[in-house]
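Chemist: coords please:
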Amino acid sequence: MLTAISEKRSLNPSRVIFAVIATAYLSYYVVTLTEWHFVDNVNLLFHEGGHVIFMPFGEFVQMAGGTLTQLLIPILCSLSFLRKSDYYSASMMLFWLSQNLFNVSVYAGDAVRMELPLLGGDNVIHDWNYLLSSLGMLGYTGQVALAITLAGFAVFVAAVVLSFAFSFRENDTTRR
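Modeler: Residues are numbered from 1 along each chain as shown. Modelled structure (predicted):
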């Protein structure tokens, strides 16, 4: 059976290389979480857009909408690839979701200190301070940030495993 599988599938080197690069970059991102990265600029656009999109649903949902949109965009991209049976691309979107979870964990972890520079300066509302205060959970800021970080690591592991697993393709000669 293993011989039959190996005859039908072969390693796609470009997929492996891209998966290695994504793994290396996200590993670098994790050890430099407090630094601003280029990809954070892209995610910030989705985050801020989320506040506008969720504005009609009340202040609490509007504040949560930034983070929700920041996480929903890579999820929706991954689901779109899954719908097309493009499992490799779907798995690559998990790297982006993981990166966003790590980014959100830093923001959530800042809810008490409120030291991160925010778009709009000192007079803007810190989303996570507002959300956790509203829920009576400000005293659990560290635990919330840790939970989000652990979710980020779980998605990161899934992204690595799945991207390498889907780095195989059917040989053109075996397609019918």
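
Chemist: check for me that Ala147 belongs to a helix.
Modeler: Yes: assessed by DSSP: H, G, I helix; E, B strand; the rest coil, Ala147 belongs to a helix.

Chemist: and it, how many neighbours?
Modeler: 14 (other CB atoms under 10 Å). Where you see a C-beta, it was placed from the backbone N, CA and C, and this is true even at glycine.

Chemist: check contacts around it.
Modeler: Neighbour list for Ala147: empty [criterion: CB atoms under 8 Å, 6 or more residues apart in numbering].

Chemist: got a pLDDT number for it?
Modeler: For Ala147, the pLDDT comes out at 98.

Chemist: moving C-terminal of the lowest-mean-pLDDT helix or strand in the chain, what's the next helix or strand?
Modeler: Lowest by mean pLDDT, DSSP states H and E among the helices and strands of the chain is helix 2-8, with a mean of 50. Next along the chain after helix 2-8, taking DSSP states H and E as the criterion, comes strand 9-11.

Chemist: from the chain's centroid, how far away is that next one?
Modeler: From the chain centre to the centre of strand 9-11 is a distance of 28 Å (CA atoms, centre = their mean, to the nearest Å).

Chemist: buried residues, the helix or strand just after that strand. List them.
Modeler: Once the chain leaves strand 9-11, the next helix or strand it forms, by DSSP H and E, is helix 13-31. Neighbour-count burial for helix 13-31 flags Arg15, Phe18, Ala19, Ala22, Thr23, Leu26, Tyr29 (criterion: 16 or more other CB atoms under 10 Å).

Chemist: just those now: which is nearest Ser105?
Modeler: Tyr29 (11.8 Å; CB to CB).

Chemist: the closest one and Asn43, how far apart?
Modeler: For Tyr29, the distance to Asn43 equals 11 Å [CB to CB, to the nearest Å].

Chemist: overlap in contacts, the two.
Modeler: Gln99.

Chemist: by contact count, what packs against the helix or strand hosting Val104?
Modeler: Here Val104, judged by DSSP H and E, is contained in helix 87-109. Secondary-structure packing of helix 87-109 (3 or more CB pairs under 8 Å, 6 or more residues apart in numbering; DSSP states H and E): helix 13-31, helix 38-53, helix 59-83, helix 127-134, helix 141-165.

Chemist: tell me the most buried of those?
Modeler: helix 127-134 (a mean of 20; mean count of other CB atoms under 10 Å).

Chemist: what angle do that one and helix 87-109 make?
Modeler: Put simply, helix 127-134 runs at 70 degrees to helix 87-109, going by axes from the mean of the first three to the mean of the last three CA atoms, to 10 degrees.

Chemist: packing partners for helix 127-134?
Modeler: Against helix 127-134 (3+ CB pairs under 8 Å, 6+ apart) you get helix 59-83, helix 87-109, helix 141-165.
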